[in-house]
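Undergrad: Using only what follows, build the 3D model:
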Amino acid sequence: MTESAFIRRHFNESVQLLNECTDLLAEPIAEVAQGILMALMSDGKLLIAGNGAYASLSNTLAAYMVTRLQDERMGLAALSLCNNPSVMSAFGGTLSEQVFAKQVHALGKQHDMLCVLSADGQCVNLTHAIHAAHERDMHVVAITGGSGGEIAALLQDNDFWLNIPSDHALRVLEAHQVTIHALCAQIDQILLGSL
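TA: So this is what the prediction gives:
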């Protein structure tokens, strides 16, 4: 395979998955946007968590909510649970499984929402965070890939699930970035009627 063919395959695989997600996720993304705004209008906030590259995506989503995606609007209450190095490094070994749950217990309250991001839905520290959110009567938004794993199994009837139907972690991450953009654009559309 030539270098350019390899690169074309990369783009084509990503485009193919995004096309598959278009009809699959359009309505669920609109529902999640409504759910987040309902939580915020009830004096809630969005707590966001993810691991590895998903920690960065958590920070990005929080930044879009607090500042903006494209158009100027009021700031929306959102906090990435991946931002504080002191908190993140305070947990060693098996205690790291509790790093997000502890923050949900400390910061979360009824009407808040927890958003977890994972390529495969198998992150133990995110499943513990979901348990903590449910204990606080918080709704959960799970953004996953593949089968959704343990995360999907924990979701309750009033939770939200956005799932990318692929087991290819890199393609899922790319699709999650587009999903986050679509979600924030829909929130802006509801608030501003500008898109």
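Undergrad: Low-confidence ranges, this protein, go.
TA: Within the chain, the stretches falling below the threshold (pLDDT under 70) are 92-95, 194-195.
Undergrad: Nearest residue to the middle of this structure?
TA: residue 117 (4.1 Å; Cα atoms, centre = their mean).
Undergrad: so it bridges to which residues?
TA: Residue 117 has the following beta-bridge partners by DSSP bridges: residue 50, residue 143.
Undergrad: So it is in contact with residue 56, correct?
TA: No: look at residue 117 against residue 56 with Cβ atoms under 8 Å: they stay out of range, at 9.9 Å. Placement of C-beta: from N, CA and C, glycine included.
Undergrad: which residues do these two both contact?
TA: Overlap between the contact sets of residue 117 and residue 56, as judged by Cβ atoms under 8 Å, 6 or more residues apart in numbering, is given by residue 50.
Undergrad: now the closest residue to residue 42 other than its chain neighbours: how far from residue 83?
TA: In space, and not counting its chain neighbours, residue 42 is closest to residue 111: 4.2 Å by Cβ to Cβ, 6 or more residues apart in numbering. In this structure, residue 111 and residue 83 are separated by 22 Å, where distance is defined by Cβ to Cβ, to the nearest Å.
Undergrad: For the helix or strand harbouring residue 28, name the packing helices and strands.
TA: The secondary structure element spanning residue 28 is helix 3-41 (assigned by DSSP states H and E). Helix 3-41 is packed against strand 46-50, strand 113-117, strand 139-145, strand 160-164, helix 169-192, with contacts defined by 3 or more Cβ pairs under 8 Å, 6 or more residues apart in numbering; DSSP states H and E.
Undergrad: ok, and for that helix, which residues are buried?
TA: When burial is assessed from 16 or more other Cβ atoms under 10 Å, helix 3-41 yields the following buried residues: 14, 17-18, 21, 25, 29, 32-33, 35-37, 39-40.
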